Each structure stands twice: as C-alpha cells, then as structure tokens.
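>>> Sharing a model prediction with you, sequence too.
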Amino acid sequence: MLRGLSIRRKLALYAVSCSTVGAVVAAAVVVIYVGHLRDAVPSHLSARTSSLVAAVEAAEGDSTRLETILRSAVEDRRVYRATVINGDGSSVVSVPSSPPFARPLALGYDANALRLVVESTSGGRVAIWYNEAALYDELNNGLVIVGVTLVSGLVAALLFASLVGRWVAQPISELAALARSIPESGDFTVERVSTGRDEVGQLGAAFGEMLAKVERRERALEEARRAAELAANEARQMAAQAQATADALAGETEAREHAQRQLEQAQKMEALGRLAGGIAHDFNNLLFVIGTYADDLVKRLDGEDHESIEQIQEAVRRATKLTQQLLSFSRQPRGDPIDVDVGQMLVGMQRLLERLIGEDIALSVEGATTRMVVRAPEGALESAVMNLVVNARDALPSGGRIKISMRPAPAPAIIPEPAGSGADRWMELTVEDDGLGMDEHTRRHAFEPFFTTKPAGEGTGLGLTLVYALCRQLGGQVTVHSEIDKGTRFELLLPLGGADSGFSVDIPSMTPLPSEEGRVLVAEDDPQVRRLVVRVLRRAGFDVDAVEDGQAAFERLEIGPPVDLVVSDVVMPRMGGLDLAQALRRAKIEVPMLFISGYPANPGQSSAPFPPELPMLRKPFTAQALRQIVRRMLGRAPRTPPPVSE
C-alpha cells in the first residue's frame, strides 16, 4: 500500500507514526506518574504527621500553640488540613477550621480522602489531609511537560521529514519528473540534473551520466536512422532505376524480338516473293507464247477446233490473273499510285460490303469522317479491305459483328520499308470481328502464300498474302491479333502521303513518223518470246532485228545501222532494260524504247516501282496490243531515248 506514496508522504507518515508511539509512551508515563503520586501521598503525609505529632505533644494541650503548629503544617501547599482530635472524636484545633466529625476518624491512611490519622502519646489523635489540588497541579505539570515534549517531538519529526523531503525527496522527484519528461520532449540535456556530494547528488550525477550516455546513443541512433533512411531512399531509387531499367530492357527485348520476328517474316516473305516473282515472270513468258499462238490459230480454225482454241484462250486469261496475284505478292506495282482518301473509300464500300457479308453479320465503320490520304495504286486498298472483310465473314458462320475503324497513329519504332521512311504522319486501319479466332499456329502462318484453313477448292490462300504485300509495298506493316473464340483483329499501319519513286524522267515532244514504217530492235532473253515478238512485228510490216540481252543490244546500236525503236525486256542477263536506257543516254545514242516484262522491276531496286512515265507493255500481252503500241510510238516518237536518272 505504501509503494504508491511519495517519499515526502512516507516521511510524514513516519513522523506521525513516531509521534503516535511517543504519545502512547507518554500516556503510559503519565499513568505510571499518577500511580507514583498516589503512592507517594501516604509517605509524605506520614513524614509530615510524625513531626507534627511531636510538636503537638510538646504543646501539652495549649490551643494557641497547637493552632500555630497546625498553621505551620498547612503552609505546605500539599497539606490541605491539619487537625488535633480528642479521645471522644471532637476536634480540639483544626486549621483550617472544620465542623465536628460525625463519628471518630479511624486510624491509618484513607486513600479516598487522602487522609492520615495517627495516635499521639497524650491520648489524642492527629489527622492530616493531603491537598488534592496540589496533587492535580503536579499531575497537570507532568502532563504539560509530557504534552510539550510530544508536540515538540512531532514538530521536530515533521520538520525533519520536511527537511529530509527537501534534501532527499525533492531531488529524487526532480529526477523522476525529468525521467518522465525525456520521452515526451526528447531533451537529454545533462545540465538539468542537480548534483552534490551526498548520496542524492551522487544519484543525480549518475543519472546525468546515464542521460549523457543515452543522449550519445540517441544521437548515434538518430544518425544511424538518418543513414538508414538515406540508404533506404538510395535503395528505393536504385530499385526504381533497376525496375525502370529492367522494364526498359524488357520492352527493348520485346521490341527487338518483335522486330526480329518481323525481320524473319519479311525475309521469308521476301524470299517467297522473289520466288513467286521469278515464277510469274517465266510463266508470263509462257502465257505470252501460248496466248499469241492461240490468237493466231483462232483466226484460222473454225468449228470444234475454234472452240478448243477459245478454251485455251480462257485458260490463258485465268492463268494471267493468277500471275498478277503472284506479282502483287512479290511487291510489284499494279498501276500508277494515286491519292486515296481512306474514309471516303470506306464509306463508298460499305453497302457493297454489307451485301457481301450477308444480313446476319453487322458491319460498322468508325472514324471515316477524318480525312486521311494514302498514296497507293488504284483499287489496291479496296482489294485489301475486301480480302480482310471476306476473311472475317468466313470466321462468322453463325453471324456476328465486323468493325472497320481508322485513326491517326504514331510512327512505328522501326520503319518496315524504305517507302515509309520519309513519312511523318501515319494512320491505322483496323478490321476486327468477334468470330472463331485463330490458334497460334494459324496466326503465325496467316500471311504465307497458299496457306489456308478453308476446304480444298475454296480459296487460293493468297488473300492475306496480298494484303501483306500491299502494306510492304506502301512502306507500312500489318499485324494480326487473335485468340480462339475471341475474334480476330488486323491492324494496317500505313504512311500518309506518297513517296518518291527514285526516278527522274523527261518526256520530250513527239515528232510524227509515217505509219507502218520503221526498223525495230528486239532485246529479249527468252528465245520463244523473242521469236514470237519478231514474228508479230514482221507480220505487221516492220523491219525487225533481235538480240538476246541489253548488252548485245547496246553493242548492236553502237556499230550497226540506226533503228527507229527498241523493244526491250526489263530483266535480262548481263544488262537489263533500264540499264540499257542509261547506257544509251551516256553514249548519246538517241532511240525510243518500249519496255516489256512480266516482272517489271530493277533488280537493284526491287522494292521501287517501275517509272510510270516510261512506256511499258506488261506480259502476257496480245499480238494486237503489241502492234498497236509499236505503231503509236513509231508514229509520234522522237529519236531520243527517255533520260533515266542513275
């Protein structure tokens, strides 16, 4: 119970306890003292009575002397009354005077009356009463002394407790208050602690040293905390930088992997395109020979033979369309590029596409109000969108939704083709459906030629290939995103505006020449095609000579007689048609040229379109088309070859 009290209160309680014990002891002393006083009364009275008896006996009954003797006895303040009594019990002399006694006083000491009666030798008795007031005065004096002593002891104890509390408790209380205030204020100032030479001062000094150590440790902990915070901040910054670096590396790695996949796909498609272009070139030569001879035979035969030749001509036309698709895949231009407003194109195609996909499929076109112009061959973009919509329709056997959207787009990180390298504005054309979707294997091979998931006889597998080829031709790219049962989205990223073809051609004025006249030099590496062109032109009345390539044609023109027109294939061994035109221009040999080819591209510039300003007759062509263009050129062509920039 006392543990919760302060030292001052404990000291005060101790002083009160000591005072209480002192009071109890004093009370016991008083009791003993009172008993002692009462016990001392008989002896005191006996001593006074013996001297008084002797004096009374010496007075021999003289009342005056007896009164004097008795007065002398009561002068003692402890003697209240002195009386000489006769044998019959009546008093002779009493000081102070008293009435007669009702009965004789018994000898001896009466404690209740504080009276002593003794017998004298004269036959009488002497009685003496102790002064009760004097007895009480002595008792009061003793009590006063005891009370003063007790009060003095209590005051001294309280004063001692106060002094001890001031010397001991107050410094300890200050230390306790300081200890309580330290956690709240955080002030470890040692100067606040009282010190001295006594034990309390030593305690304060020890507490001060403890505070100093705690302050030093607190400072060390604060410095360590700050260092830890700095280290943690640096660690967080380093972690953030590492995360950013990791994210950047991951993004860069992903971009590199994507670019690597695109490069591998482009290289594969490039190789397939070159293969397809070469096959189409050779096939066009064969179709030209077959078609020309079929045209010649159909004029000579009739009946069933005539019908057979017409079937051959129909097969040639169908084969011609197939070679055109192969040439499109090989990224050869399909006509002069024009400005195509993609939004207007989509709006114009919407009704046609709706009839194409059927009533169970909803078609929506978004973003078509924004004007975005792409430089592309006429009809190429329409064909690409048609192929994508048909592909989406086939993925919706139970109906669904097809959405075509267009929007401006940022330039890709890697420009896929040189044709798009100069573009600063791009657009994204998206065709999306919610149909069956593709698995990963189908998605990876979607753009490969002749790859199809349709049953045999339903599709050539060239639709998406032509879309891919067109995007590459325009300098853009196409990507496909698809999951099983979640639909498919094709994204065409195309540069806005046109691109320089890389050729500079001057078209001089034409000078008419007489029709059906002129000397023609034919440069063609395929023997069958060369013989057939010579045969058609000779039948038309022209003087024709033929060589196997551009190098032979150049040598023939350098040393031989002049000619009025050179009919040259574009791609030939040793020297192609465009190289021949440049060589003639450097040699200042002026002669017009007509280019023929089923693969009209400069081998050194396979991605560049053929200059549209140069006269071109695409294989396979008919004999009539060849005669007409040769007559037209000889009828108005100048004697100067068109300049071609190197």
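Nice, I can see it. Just so it is clear, the structure is predicted and the values come from calculations on it, not from any experiment.
>>> okay, T49: pLDDT?
Model confidence at T49, given as pLDDT, is 72.
>>> So in the chain, where's the weakest helix or strand by average pLDDT?
helix 170-185 (a mean of 68; mean pLDDT, DSSP states H and E).
>>> Which is the succeeding secondary structure element to that one?
helix 199-298 (DSSP states H and E).
>>> what is the rounded mean pLDDT of that following helix?
Helix 199-298 comes out at a mean pLDDT of 75.
>>> Which strands and helices lie in contact with it?
Counting contacts by 3 or more C-beta pairs under 8 Å, 6 or more residues apart in numbering; DSSP states H and E, helix 199-298 packs against helix 170-185, helix 304-329, helix 463-473, helix 527-539, helix 623-636. (C-beta placed from N, C-alpha, C; glycine too.)
>>> hey, which of those is tucked in deepest?
helix 463-473 (a mean of 24; mean count of other C-beta atoms under 10 Å).
>>> export it as PDB, just CAs?
Extracted C-alpha coordinates of helix 463-473, given in PDB (Å, rounded to 0.1, in the frame of the first residue of the first chain):
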ATOM      1  CA  GLY A 463      -5.900 -13.100 -99.900                       C
ATOM      2  CA  LEU A 464      -3.900 -12.200 -96.700                       C
ATOM      3  CA  THR A 465      -0.700 -12.600 -98.600                       C
ATOM      4  CA  LEU A 466      -1.800  -9.800-101.000                       C
ATOM      5  CA  VAL A 467      -2.700  -7.600 -98.000                       C
ATOM      6  CA  TYR A 468       0.800  -8.200 -96.500                       C
ATOM      7  CA  ALA A 469       2.400  -7.400 -99.900                       C
ATOM      8  CA  LEU A 470       0.500  -4.200-100.300                       C
ATOM      9  CA  CYS A 471       1.400  -2.900 -96.900                       C
ATOM     10  CA  ARG A 472       5.000  -3.700 -97.500                       C
ATOM     11  CA  GLN A 473       4.800  -2.000-100.900                       C
END
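>>> That helix relative to helix 199-298, how many degrees between them?
110 degrees (axes from the mean of the first three to the mean of the last three C-alpha atoms, to 10 degrees).
>>> quick check: angle from the helix or strand that comes right after helix 463-473 to helix 199-298?
Using DSSP H and E, the helix or strand that follows helix 463-473 in sequence is strand 477-482. Strand 477-482 runs at 110 degrees relative to helix 199-298, counting by the same axes, to 10 degrees.
>>> Quick check: buried residues in strand 477-482?
By neighbour count on 16 or more other C-beta atoms under 10 Å, the buried set for strand 477-482 is Q477, V478, V480, S482.
>>> Let me see the contact set for the third one.
Meaning V480. Applying C-beta atoms under 8 Å, 6 or more residues apart in numbering to V480 gives the contacts M438, R443, A446, F447, T488, R489, F490, E491.
>>> does the fourth one sit in a helix, a strand or a coil?
For F447, the secondary structure call by DSSP: H, G, I helix; E, B strand; the rest coil comes out as coil.
>>> ok, now how distant is it from N387?
Distance, F447 to N387, using C-beta to C-beta, to the nearest Å: 11 Å.
>>> Find residues that contact each of these two.
L464, V467.
>>> neighbour count winner among the two?
More neighbours surround F447 than the other of F447 and N387, with 24 against 19 (other C-beta atoms under 10 Å).
>>> picking that back up, for A380, find the nearest of the helices and strands packed on helix 199-298.
helix 463-473 (5.3 Å; C-beta to C-beta).
>>> packing partners for that closest one?
Contacts defined by 3+ C-beta pairs under 8 Å, 6+ apart place helix 463-473 against helix 199-298, helix 304-329, helix 380-394, strand 477-482, strand 488-495.
>>> Settle this for me: A23 is touching L150, isn't it.
Yes. Counting by C-beta atoms under 8 Å, A23 touches L150, with 5.3 Å between them.
>>> what is M406 paired to in the beta sheet?
Partner residues in beta bridges with M406, using DSSP bridges, are L429.
>>> Was I right to think it contacts R371?
No. Contact criterion C-beta under 8 Å: M406 and R371 do not qualify, at 10.5 Å.
>>> List the residues that are in contact with both of these two.
With C-beta under 8 Å, 6+ apart as the test, M406 and R371 both reach G343.
>>> Neighbour count: these two, which is higher?
Between M406 and R371, counted using other C-beta under 10 Å, the more crowded position is M406 (22 against 10).
>>> what sits against the more buried one?
Per C-beta under 8 Å, 6+ apart, neighbours of M406: V342, G343, L346, E366, G367, A368, T370, M372, M427, E428, L429, T430.
>>> and the residue nearest to the fifth one when sequence neighbours are not counted, how far is that from P527?
The shortest distance from G367 to any residue that is not its chain neighbour, by C-beta to C-beta, 6 or more residues apart in numbering, is 4.4 Å, and that residue is M406. Using C-beta to C-beta, we find M406 at a distance of 50 Å from P527.
>>> Next: G208.
118 Å.
>>> same thing with M345?
45 Å.
>>> name the helices or strands packed onto the strand or helix carrying E354?
In this assignment (DSSP H and E), E354 forms part of helix 342-357. For helix 342-357, the packing partners by 3+ C-beta pairs under 8 Å, 6+ apart come out as strand 361-366, helix 380-394, strand 400-409.
>>> Pull out the buried positions in it.
V342, G343, M345, L346, M349, L353, I357.
>>> With stretch 205-214 instead?
A205, F207, G208, L211.
>>> Can you tell me which of those residues lies closest to L249?
When those are compared against L249 (criterion: C-beta to C-beta), the nearest one is L211, at 54.0 Å.
>>> which residue packs closest to P615, ignoring adjacent ones?
L594 (5.1 Å).
>>> Pull out the buried positions in stretch 386-403.
In stretch 386-403, counting by 16+ other C-beta under 10 Å, buried: 386-389, 391-396, 400, 402-403.
>>> quick one: contacts for F554?
Per C-beta under 8 Å, 6+ apart, neighbours of F554: M575, L580, A583, L584, A587.
>>> Report the buried members of those.
M575, L580, A583, L584.
>>> confidence score at R636?
The model's pLDDT for R636 equals 46.
>>> Please apply the same query to the one 3 residues further on.
On pLDDT, R639 comes in at 43.
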